[in-house]
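[1] fold the following and give me the result.
(one chain, ligands or ions: 1)
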Amino acid sequence: MKQLKELMPGVQFIEDIMWAGLFGSTKDGLPYIGPHPDFKNAFFVLGFGGNGITFSIQGRQIIADMLSEKPNELSYYYRFKR
Ligand SMILES: Cc1cc2nc3c(=O)[nH]c(=O)nc-3n(C[C@H](O)[C@H](O)[C@H](O)COP(=O)(O)OP(=O)(O)OC[C@H]3O[C@@H](n4cnc5c(N)ncnc54)[C@H](O)[C@@H]3O)c2cc1C
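    From the prediction side, this is the model:
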């Protein structure tokens with residue numbers, strides 16, 4: 001809206017529809033998936049950036065493996081405090 005008003009200052013218009021998709025990203029581009037030391041009995045699947053379809057599916061598998069105490073090689077890369 002601000003940019004449009006600057007671009008076309010003489011034109012009157014109203015907002016009809018506004019839409020946005022928000023992405024939470026981490027510094028290294030990888031998500032945080034797994035337990036966090038400050039939150040007992042909780043598992044997190046966060047910070048997907050623009051790759052949420054891939055990371056959310058991996059997150060489901062990693063958390064399922066953690067709950068059944070199976071090793072999952074990806075959990076190392078997505079851990080908190082890495
Ligand atoms: C505009 C946009 C573009 C994107 N493009 C890409 C892309 O190109 N590539 C990519 O990899 N990722 C992309 N993503 C990200 C990706 O879509 C998401 O990160 C991913 O879908 C997250 O999966 P999820 O299963 O964690 O959550 P979601 O897909 O959000 O699923 C959560 C589900 O839980 C349901 N739900 C929520 N609360 C409740 C409740 N209380 N009770 C019952 N059900 C509930 C919701 O209705 C929803 O169906 C994009 C996202 C957006 C917004």
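[2] give the contact list for the closest residue to the ligand within the chain.
    Relative to the ligand, the nearest point of the chain is residue 52 (1.6 Å; CB to the nearest ligand atom). In this view, the C-beta of every residue, glycine as well, is placed from N, C-alpha and C. By CB atoms under 8 Å, 6 or more residues apart in numbering, residue 52 lies in contact with residue 23.
[3] how about the one 3 residues further on?
    When contacts are counted by CB under 8 Å, 6+ apart, residue 55 is found next to 31, 33, 45, 48, 49, 78.
[4] do the same with residue 49
    With the criterion set at CB under 8 Å, 6+ apart, residue 49 makes contact with 23, 24, 25, 26, 29, 31, 55.
[5] do the same with residue 63
    Taking CB under 8 Å, 6+ apart, we find residue 63 in contact with 33, 34, 43, 45.
[6] and if we set it to 7 Å?
    With contact taken as CB atoms under 7 Å, 6 or more residues apart in numbering, residue 63 is in contact with 43, 45.
[7] now the one 3 residues further on
    Contact partners of residue 66, counting by CB under 7 Å, 6+ apart, are 34, 43, 75.
[8] hmm, the last one is touching residue 34, no?
    Spelled out, it's residue 75. Yes: using CB atoms under 7 Å, residue 75 is in contact with residue 34, at 5.5 Å.
[9] list the buried residues of the helix ranked longest in the chain.
    If you go by DSSP state H, the chain has its longest helix at helix 52-67. Neighbour-count burial for helix 52-67 flags 55, 58, 59, 62, 63, 66 (criterion: 16 or more other CB atoms under 10 Å).
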